[in-house]
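Undergrad: here you go, sequence then predicted model.
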Amino acid sequence: MTVKPLADRVLVKPIEALEVKKGGIIIPDTAKEKPMQGEVVACGDGLRTEDGKLVSMTVKKGDTILYGKYSGTEINVNNEDMLIMRESDVLAIIE
């Protein structure tokens, strides 16, 4: 199954945080925070303004991004957990 986001939405694969912190402490699954970093898997075409002009997307496929802790909607694509969110929920592109 393939998912093509519409308008200004992006499909993001979350990047899981490391399980071991400095000092060798292992964090159990129940204490882990949701990841706030991910890789853009697919993008929509962009947002249409009221006068019909297309505003292109800033992010592109392959970008590593930071997003808000509770941003997006969780979906399952080919047995992988992913998020679909508006481009405005993206806080930064990591270069």
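TA: Structure received. Numbering: from 1, shown residues only.
Undergrad: identify the bridge partners of Leu83.
TA: Here Leu83 sits in beta bridges with Val12, Glu74, going by DSSP bridges.
Undergrad: what pLDDT does it get?
TA: Confidence at Leu83, expressed as pLDDT, is 95.
Undergrad: that one contacts Pro5, doesn't it?
TA: No - taking CB atoms under 8 Å as the definition, Leu83 is not a contact partner of Pro5, at 10.7 Å. Every residue, glycine included, has its C-beta placed from N, CA and C.
Undergrad: next, show the common contact partners of the two.
TA: Shared contacts of Leu83 and Pro5 (CB atoms under 8 Å, 6 or more residues apart in numbering): Leu11.
Undergrad: and Val10, what is it in contact with?
TA: 40, 42-44, 57, 59, 65, 84-87, 90.
Undergrad: now Glu39. Nearest residue, chain neighbours left out?
TA: Nearest non-adjacent residue to Glu39, counting by CB to CB, 6 or more residues apart in numbering: Lys13, 5.0 Å away.
Undergrad: measure the one you found to Glu50 for me?
TA: For Lys13, the distance to Glu50 equals 33 Å [CB to CB, to the nearest Å].
Undergrad: look at these two and report which has more neighbours.
TA: Lys13 (16 against 5; other CB atoms under 10 Å).
Undergrad: burial check on the nearest residue to Lys60 once chain neighbours are set aside, number of neighbours?
TA: Among residues not flanking Lys60 along the chain, Cys43 sits closest, at 6.2 Å (CB to CB, 6+ apart). Applying other CB under 10 Å, we find 21 other residues in the vicinity of Cys43.
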